[in-house]
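In: I need the structure of the sequence given here:
(2 chains)
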Amino acid sequence: MALRTWRPALLIRRLSYIAGILYLVACSGISEPAEHHQPVEFERTLTEVRSGFDYQAAETQALQQDDFANPGLLWVDSGRTLWASECTACHGEIDAMAGIARRYPKFDEAAARVINLNQRIELCRTQQAILPALPYEAEERLALTVALTHLDQGQPFAVDITGKNAAAFHRGREYFYTRRGQMNLACHHCHEVNAGKRLRGEALSQGQPTGYPTYRLQWQTLGSLHRRLRFCNAALRAAPFDFGAQEYVDLELFLAWRAANLPLEAPAVRR
Amino acid sequence: MAKARINIPRNIRRGDLVEIKTLITHPMETGFRVDSLGVKIPRNILTQFSVALNDTLVFQADLQPGIAANPFISFFLRAEQSGQLTFTWTGQHGFTHVETRAFDPAP
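Out: Model prediction:
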């Protein structure tokens, strides 16, 4: 049986581990127990946030920044028209709704769960305005969502991850780091570990949700974040969840928190 | 229901060359694509876009299947007279969308 060779470097490394552990134990012994009402600081696995905008071609960026030619603005326009006919009776002018969109997803008492802005609009439409229910990706729902989100352009998300939102946030966080599909990859692997690299012709972005609803050139139309998430799942060869699934809403809440101080861009233009 | 956006620059003077930009919602389905069951999606495109200033045709374009959805069309117009600009998009299956805008260059 061969004896293990004498390796001083290994010994030093091991000793330093032990010293480190001893130091941590000593520190935890000295420090006061953590206050329970203090908000928990979750670990951020991204060191620097970058918008999906940065990964686009110059022409796509120019299209998004054009105040006229950005095709997403067509939906903003029709959302504002819809608002004027359906929503002003209760809510007044749409411009008074600034600062609302960036607080979603959040816990809703009427729904008794965490919902996103699109679902909040649908609840309002069907229960207050007594309008017929529409599918998640309906033009009207997208238009109202993007018109409200457009009011918060340039502002960061302001979601609450404590209290009644905490459970959804934890589920969303778990989703993000869980491997899935035949590819056996978590969101974390593509959008954090390998963000900035290329996957064939496609640049891997950080998967930031700040541009949604987004006009994607590939779709040739405006689409929701859930549509994008379904595409992500299909690319992993995982079965996508339905539009408006709680799994996606939870993930949306986590992503909004993860976007930190990135400004909202809706309607963004992406490839 | 189609939605159109039209941009005419402000503070224009007679004799100026002005750029007029237009955008309209339309799927511009090429007719070459198939759905998830392999059935061809029928062609549904805009066929013509025309602009008239006081009933005089000032710009016209024929659109083809290769043009992307929600077509953006811009053109230049010499501001020689005031009046009403009428924008007309016509497409397949009886699609028509008409928008009017005042056009009033300062003398």
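In: need the strands for the stretch 51-200 of chain A, in chain order.
Out: Using DSSP state E, counting those that start in this stretch, the strands found in the stretch 51-200 of chain A span residues A:106-108, A:113-115, A:198-199.
In: which one of the ones you listed lies closest to chain B?
Out: Nearest to chain B among the strands of the stretch 51-200 of chain A is strand A:198-199 (23.8 Å), distances taken as CB to the nearest CB. For every residue, glycine as well, the C-beta is placed using N, CA and C.
In: quick one on the thing from earlier: deepest of the strands of the stretch 51-200 of chain A, which one?
Out: Mean neighbour count (mean count of other CB atoms under 10 Å in any protein chain shown) peaks for strand A:113-115 among the strands of the stretch 51-200 of chain A, with a mean of 22.
In: Could you report the pLDDT at residue A:4?
Out: Per-residue pLDDT puts residue A:4 at 49.
In: Ok, residue A:39 next?
Out: 56.
In: And for the one 4 residues further on?
Out: With respect to pLDDT, residue A:43 has a value of 85.
In: Mind putting the strands of the stretch 51-200 of chain A into CSV with mean pLDDT and distance to chain B?
Out: Formatted as CSV, the strands of the stretch 51-200 of chain A follow (pLDDT from 0 to 100; distance: least, CB to the nearest CB, whole Å):
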stretch, mean pLDDT, distance to chain B
strand A:106-108, 95, 30
strand A:113-115, 97, 27
strand A:198-199, 90, 24
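In: Now these in JSON lines, please, with extra columns for distance to residue A:222.
Out: Rendered in JSON lines, the data for the strands of the stretch 51-200 of chain A read as follows (distance: least, CB to CB, whole Å):
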{"stretch": "strand A:106-108", "distance to residue A:222": "23"}
{"stretch": "strand A:113-115", "distance to residue A:222": "20"}
{"stretch": "strand A:198-199", "distance to residue A:222": "24"}
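In: mind checking the end-to-end distance for stretch B:33-45?
Out: One end of stretch B:33-45 to the other measures 13 Å (CA to CA, to the nearest Å).
In: Would you mark the buried spots in it?
Out: Neighbour-count burial for stretch B:33-45, counted by 16 or more other CB atoms under 10 Å in any protein chain shown, picks out B:44, B:45.
In: try stretch A:254-268
Out: Residues of stretch A:254-268 classed as buried by neighbour count (16+ other CB under 10 Å): A:254, A:255, A:256, A:257, A:258, A:259, A:262, A:264, A:265, A:266, A:267, A:268.
In: swap in stretch A:127-142?
Out: Buried positions in stretch A:127-142, judged by neighbour count with 16+ other CB under 10 Å: A:136, A:137, A:139, A:140, A:141, A:142.
In: Next, work out how far apart the closest residue to residue A:157 other than its chain neighbours and chain B are.
Out: Nearest residue to residue A:157, sequence neighbours excluded (CB to CB, 6 or more residues apart in numbering or on different chains): residue A:256, at 4.2 Å. In this view, residue A:256 and chain B are 28 Å apart by CB to the nearest CB, to the nearest Å.
In: so after whatever helix or strand residue A:256 lives in, what's the next helix or strand?
Out: Using DSSP states H and E, residue A:256 falls within helix A:246-258. Next along the chain after helix A:246-258, taking DSSP H and E as the criterion, comes strand A:268-270.
In: check contacts around residue A:233.
Out: Counting by CB atoms under 8 Å, 6 or more residues apart in numbering or on different chains, residue A:233 touches A:180, A:181, A:239, A:240, A:241.
In: what's the most distant pair in the residues you listed?
Out: The most widely separated members of these, counting by CB to CB, are A:181 and A:241 (12.3 Å).
In: In contact with residue 100, which residues are there?
Out: Going with chain A. Contacts of residue A:100 were listed using CB under 8 Å, 6+ apart, and they are A:117, A:148, A:151, A:152.
In: Chain B was what I was after
Out: Applying CB under 8 Å, 6+ apart to residue B:100 gives the contacts B:84, B:85, B:86, B:87.
In: quick one: the residue of chain B found nearest chain A from residue B:62, how far?
Out: Using CB to the nearest CB, the single residue of chain B nearest to chain A is residue B:69, 3.7 Å away. Taking CB to CB, to the nearest Å as the measure, residue B:69 falls 17 Å from residue B:62.
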